[in-house]
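**Q** 3D model of this:
(chains A and B)
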2 protein chains.
Amino acid sequence: MTSRREALRMIGLATGSMLIGTLAGNRELVAAPKPGFPWMYEKLDPVVAAERAYKGYWEGRCCYGSFEAIVGELADRRGAPYNTFPSDMMRIGVGGGADWTTLCGAIMGPMFAMSLLSKDPMAAVDELFGWYEQTALPDYQPKNPKGLITVTSISRSPLCHVSVSRWCKAAKVKSFSKERTERCAWMTAACTKKAVEILNARLEGTFKASYPLPKHVQECRSCHDNGGVLENARAKMDCGVCHFNLGTSHKKI
Amino acid sequence: MTSRREALRMIGLATGSMLIGTLAGNRELVAAPKPGFPWMYEKLDPVVAAERAYKGYWEGRCCYGSFEAIVGELADRRGAPYNTFPSDMMRIGVGGGADWTTLCGAIMGPMFAMSLLSKDPMAAVDELFGWYEQTALPDYQPKNPKGLITVTSISRSPLCHVSVSRWCKAAKVKSFSKERTERCAWMTAACTKKAVEILNARLEGTFKASYPLPKHVQECRSCHDNGGVLENARAKMDCGVCHFNLGTSHKKI
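**A** Below you'll find the predicted structure:
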């Protein structure tokens, strides 16, 4: 009896650790979070969240606006613990992190909201970032915008620097213009809407990943990433955005 | 009397808004945070925080380890509100954000801790990121490391992808090796130590920014960034890390 129970226990442990590895798609999170985490998510209206994000952008910019639209909406409905969260701390995510233009604040905010509000958030974040890289954005028009944005662009990158530069080129406007600021407000709304749609789909069990890594990225990764012959880098970002000139020493691809 | 008071009030308002603009070095945060924010910071021991960060890395990796080392240390000392913070949400910052290798998690965690714990965090974050870009790291050895790291590298970038690739090249190890993981644990400790030193200096009024943007970055920005002739980009990152080949159409610099 003991050995059967022990065997079952061992199978349970093995299955559990496999689940952590595969469901999360995550090689890095090594210990389980504390009890009481994540906080419960309940279905939000994507458009309501997008409108709140647009408003929030003008209060604390991209990362704050997109995060607060989700967590603040739950706080207004449910009170604690959501209303104990100091959302003001997300202001620093502005301009890809203190204006260093790394990870776009309009997806950095939702990334943390997804992490706060769902188990195994990695697949949800992958979907949001993949969509962001591959979609002509902004794709949502706020109901009462301060200005009209008619030009969209595909960033091919989750980086603020790349996303802003590409859009400015497409729209033929300057990077510190009123138009670019307005565009980032629209981006904050659009990314929040998408994030809520993903969270809702995950809650309802209808989630299906739609933005696999592009083929050319998979090709780069087959040599340079985990398990590749070279294994000298790690990334999910689109390689060609920075490595646009491989020089003469790289083999033909 | 009324007009004098009104005049003083207007001067006060003008000075206040100027201070927000200049002290923060921040063009983007447009509204004031809520009352009760930021949470009070009190002096921490940088080495104690670094050791806690190293340990935290093995529980939830870079972003969690570096954030929790600071906020968790305050929680252990002071209880609420610090112990109400769901630090587990920072796990998603792993590998530059869900393994997308954008902003290095070991500085993403402290960026948010600085934002949570200090007014006008922008200068503190600039200092941390500037130090990270320009310093041979890791520069702190944990007391009881799982492995020994003897190779350092200068990332020239706040991006996980660049930082990891450069170190792997210098150390001649693979990007998913045990050595690289150990290095990132040391980085988590080193970045937390530096962040606490910056927070302490700001608290004591001895803070002085030591990592201005490199001259060649300033040169790029003089045309491409805010107020430049082209003004077609925004960044504080070192431009040359990605734009390593300017092609033939760019004027000679």
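**Q** got a list of what A:Trp186 touches?
**A** Contact analysis of A:Trp186 by C-beta atoms under 8 Å, 6 or more residues apart in numbering or on different chains lists A:54, A:138, A:140-142, A:145, A:149. C-beta here means a position set from N, CA and C on the backbone, and glycine is covered the same way.
**Q** in PyMOL, select just the buried ones from the residues you listed.
**A** Selection of buried members from the contacts of A:Trp186 for PyMOL, criterion 16 or more other C-beta atoms under 10 Å in any protein chain shown:
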select buried, chain A and resi 54+138+140+142+149
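**Q** mind giving me CSV with the contacts of A:Trp186 and columns for distance to B:Pro214 and pLDDT?
**A** Output for the contacts of A:Trp186, formatted as CSV (distance: C-beta to C-beta, whole Å; pLDDT from 0 to 100):
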residue, distance to B:Pro214, pLDDT
A:Tyr54, 36, 98
A:Pro138, 33, 98
A:Tyr140, 38, 98
A:Gln141, 40, 98
A:Pro142, 39, 98
A:Pro145, 38, 98
A:Ile149, 34, 98
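**Q** quick check, nearest of the contacts of A:Trp186 to B:Cys104?
**A** A:Pro138 (27.9 Å; C-beta to C-beta).
**Q** so the closest one touches A:Ala189, yeah?
**A** Yes - at 7.1 Å, A:Pro138 and A:Ala189 qualify as touching, with contact defined as C-beta atoms under 8 Å.
**Q** does stretch A:43-59 reach chain B?
**A** Yes - between stretch A:43-59 and chain B, judged by C-beta under 8 Å from any C-beta of the partner chain, the touching residues are A:58-59.
**Q** I'd like the distance from that stretch to the chain centre, please.
**A** Distance of stretch A:43-59 from the chain centroid (C-alpha atoms, centre = their mean, to the nearest Å) equals 16 Å.
**Q** over to stretch A:234-246?
**A** Taking mean C-alpha positions (C-alpha atoms, centre = their mean), stretch A:234-246 and its chain are 19 Å apart.
**Q** ok, now which ones touch A:Phe37?
**A** So A:Phe37 contacts B:86, B:88-89 (C-beta under 8 Å, 6+ apart).
**Q** returning to what we had before: the contacts of A:Trp186 into a markdown table, with extra columns for distance to B:Ser157?
**A** Formatted as a markdown table, the contacts of A:Trp186 follow (distance: C-beta to C-beta, whole Å):
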| residue | distance to B:Ser157 |
| --- | --- |
| A:Tyr54 | 32 |
| A:Pro138 | 28 |
| A:Tyr140 | 32 |
| A:Gln141 | 35 |
| A:Pro142 | 34 |
| A:Pro145 | 35 |
| A:Ile149 | 31 |
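**Q** quick one: mark the members of the contacts of A:Trp186 that sit in strands.
**A** Among the contacts of A:Trp186, none falls in strands (DSSP state E).
**Q** now the helices for the stretch 1-150 of chain A?
**A** If DSSP state H, counting those that start in this stretch is used as the criterion, the helices of the stretch 1-150 of chain A fall at A:2-23, A:46-78, A:105-117, A:122-134.
**Q** distance of the nearest residue to A:Val48 once chain neighbours are set aside relative to chain B?
**A** Spatial nearest neighbour of A:Val48, excluding adjacent residues (C-beta to C-beta, 6 or more residues apart in numbering or on different chains): A:Glu73 at 6.9 Å. Note on A:Glu73: its distance to chain B, by C-beta to the nearest C-beta, to the nearest Å, is 16 Å.
**Q** surely A:Glu73 meets A:Leu44?
**A** Yes - contact criterion C-beta under 8 Å: A:Glu73 and A:Leu44 qualify, at 5.5 Å.
**Q** ok, back up a step: among the contacts of A:Phe37, which one has the most neighbours?
**A** B:Met89 (26 neighbours; other C-beta atoms under 10 Å in any protein chain shown).
**Q** and that residue, what is it in contact with?
**A** B:Met89 touches A:37-38, A:112, A:115-116, counting by C-beta under 8 Å, 6+ apart.
**Q** and the contacts of A:Phe37, which is closest to A:Ser157?
**A** B:Met89 (24.3 Å).
**Q** just the pLDDT for that closest one.
**A** Looking at B:Met89, its pLDDT reads 98.
**Q** which parts of the stretch 151-253 of chain A sit against chain B?
**A** Checking the stretch 151-253 of chain A against chain B by C-beta under 8 Å from any C-beta, the hits are A:158-161, A:164-165, A:168-169, A:174-177, A:224-227, A:231-237, A:242, A:245, A:247.
**Q** switch the cut-off to 7 Å
**A** Residues of the stretch 151-253 of chain A lying near chain B by C-beta under 7 Å from any C-beta of the partner chain: A:158-159, A:161, A:164-165, A:168-169, A:174-176, A:226, A:231-237, A:242, A:245.
**Q** how many neighbours does A:Ser222 have?
**A** 12.
**Q** next: the one 10 residues further on.
**A** Using other C-beta under 10 Å, A:Asn232 is surrounded by 17 other residues.
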